[in-house]
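In: structural data only, the sequence is not supplied:
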């Protein structure tokens with residue numbers, strides 16, 4: 001690879017097979033990397049009670065009911081008795097406070113954060129055994145805040161999505177939020193941003209669909225943002241058409257991008273000087289030996305393609321375009337002469353016409 005450092009902080013790199021291999025080996029921040037340093041030893045089962053949840057508690061009693069005014073003991077009939085069904089007493093919704101506690105009548109304050117609903121029911125039942133006859137307790141989470149993720153952005157129904165012991169994955173929660181709001185657009189034009197434990201990773205939606213390993217299981221507190229970003233590139237200089245063009249296809253090579261705008265103009269363009277401007281990943285720039293600021297994540301770079309070299313046509317078919325790329329086709333040196341002659345012709349034409357009239 002030919003590298004040329006520029007004093008203003010960017011470099012010009014000749015497009016080569018080694019460069020293309022380097023760019024293909026580059027990987028974005030993977031979702032699987034978010035748990036590389038702090039992965040839980042036991043994966044969350046999404047069935048634990050936490051602050052902010054609302055619990056629905058129902059207590060079943062036999063005999064003298066503690067939570068109901070009705071009696072459900074043995075009804076005497078003709079010297080004998082027959083059992084009567086137990087009485088179900090649903091309590092008002094119980095909110096789990098910030099400390100993870102709830103207040104249950106005749107029991108008082110109980111710490112329930114981190115418990116499953118079965119464990120909460122057993123704890124309440126143990127406290128009621130001395131106060132009620134054969135109590136049975138059923139607990140369910142009516143409003144699950146602790147075991148949920150926020151899904152927002154370019155989805156049809158931005159919302160808080162509750163997680164279940166089934167352990168929903170990132171594509172699951174996007175589907176539960178209604179999916180993409182532009183259903184007729186390519187999945188490559190959607191970017192998924194996942195925030196977990198203060199760390200952020202971004203990845204195209206299509207990459208997650210094609211790589212099941214990145215379709216990671218959600219954890220309580222995750223935030224998923226779906227953003228619609230139509231990919232486009234710009235072409236300037238001596239090309240058939242100066243324009244900004246959308247990709248419209250899952251992938252796009254440099255050769256395809258140049259051909260879409262009519263290619264370099266034979267009479268104006270310098271085939272030795274086709275440039276692609278890009279903000280490249282900082283790690284790639286360091287591997288190319290280009291200057292990069294210590295805290296920078298990206299930096300400017302210019303890739304040059306020499307179309308006079310037959311190999312360049314094959315390289316252009318392998319060099320992949322990215323969103324925001326800018327292609328510049330330089331003017332040829334002889335074009336300055338043609339511009340000068342055109343200017344002279346424009347100036348002289350009116351005088352020539354007037355001279356002819358005078359004659």
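Out: Everything's here; your move. Remember, it's a predicted structure, so these values are computed and weren't measured experimentally. Numbers count the residues shown, from 1 in each chain.

In: what's around the residue nearest to residue 156 when sequence neighbours are not counted, how many residues?
Out: Sequence neighbours aside, residue 178 is the residue nearest to residue 156 in space, at 2.9 Å (criterion: C-beta to C-beta, 6 or more residues apart in numbering). Glycine gets a C-beta too; all of them are placed from N, C-alpha and C. Residue 178 has 14 neighbouring residues, counting by other C-beta atoms under 10 Å.

In: shaky segments in the stretch 251-359 of the chain?
Out: Regions of the stretch 251-359 of the chain meeting the criterion pLDDT under 70 cover residues 333-359.

In: in it, which spans are helices?
Out: With DSSP state H, counting those that start in this stretch, the ranges of helices along the stretch 251-359 of the chain come out as 254-260, 282-287, 310-316, 335-358.

In: what about the strands in the stretch 201-350 of the chain?
Out: 223-228, 232-237, 243-246, 269-281, 298-305, 326-331 (DSSP state E, counting those that start in this stretch).

In: could you list the domains of this protein?
Out: Using automatic domain parsing, the domains assigned to the chain come out as 3-26+231-337, 54-143, 147-228.

In: let's have the ones you listed in a markdown table, adding distance to residue 34.
Out: As requested, the domains of the chain are exported to a markdown table (distance: least, C-beta to C-beta, whole Å):
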| stretch | distance to residue 34 |
| --- | --- |
| domain 3-26+231-337 | 17 |
| domain 54-143 | 23 |
| domain 147-228 | 5 |
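
In: among the ones you listed, which is nearest residue 46?
Out: For the domains of the chain, distance to residue 46 was read as C-beta to C-beta. The smallest value, 3.9 Å, belongs to domain 147-228.

In: just checking: what are the partner strands of the helix or strand containing residue 109?
Out: With elements taken from DSSP states H and E, the one containing residue 109 is strand 108-111. Here strand 108-111 is paired, per DSSP bridges, with strand 101-104 (antiparallel).

In: check which residues of the strand it pairs with are buried.
Out: 101, 102, 104 (16 or more other C-beta atoms under 10 Å).

In: for stretch 261-278, same thing?
Out: 261, 263-265, 268-271, 273-278.

In: columns distance to residue 209 on top of these, output as a markdown table?
Out: Below are the buried residues of stretch 261-278 laid out as a markdown table (distance: C-beta to C-beta, whole Å):
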| residue | distance to residue 209 |
| --- | --- |
| 261 | 30 |
| 263 | 33 |
| 264 | 36 |
| 265 | 40 |
| 268 | 43 |
| 269 | 39 |
| 270 | 42 |
| 271 | 39 |
| 273 | 39 |
| 274 | 33 |
| 275 | 34 |
| 276 | 28 |
| 277 | 30 |
| 278 | 25 |
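
In: out of the residues you listed, who's nearest residue 117?
Out: Using C-beta to C-beta, those come closest to residue 117 at residue 278, 53.0 Å.

In: how about the closest residue to the closest one other than its chain neighbours, what does it touch?
Out: Spatial nearest neighbour of residue 278, chain neighbours left out: residue 325 (5.4 Å); criterion: C-beta to C-beta, 6+ apart. The contact partners of residue 325, by C-beta atoms under 8 Å, 6 or more residues apart in numbering, come to 233, 234, 257, 276, 277, 278.

In: let's go with 6 Å and repeat that
Out: Residue 325 makes contact with 233, 276, 278, according to C-beta atoms under 6 Å, 6 or more residues apart in numbering.

In: same question, residue 187
Out: 205, 206.

In: hmm, try it at 10 Å
Out: 180, 204, 205, 206, 207, 208, 209, 210, 250 (C-beta atoms under 10 Å, 6 or more residues apart in numbering).

In: how much space between it and residue 207?
Out: Residue 187 sits 9 Å away from residue 207, going by C-beta to C-beta, to the nearest Å.

In: got it, and residue 99?
Out: Counting by C-beta to C-beta, the gap from residue 99 to residue 207 is 41 Å.

In: for residue 191, same thing?
Out: Residue 191 is 10 Å from residue 207, by C-beta to C-beta.

In: let's see which of the contacts of residue 187 end up in helices.
Out: Using DSSP state H, the subset of the contacts of residue 187 located in helices is 205, 206, 207, 208, 209, 210.
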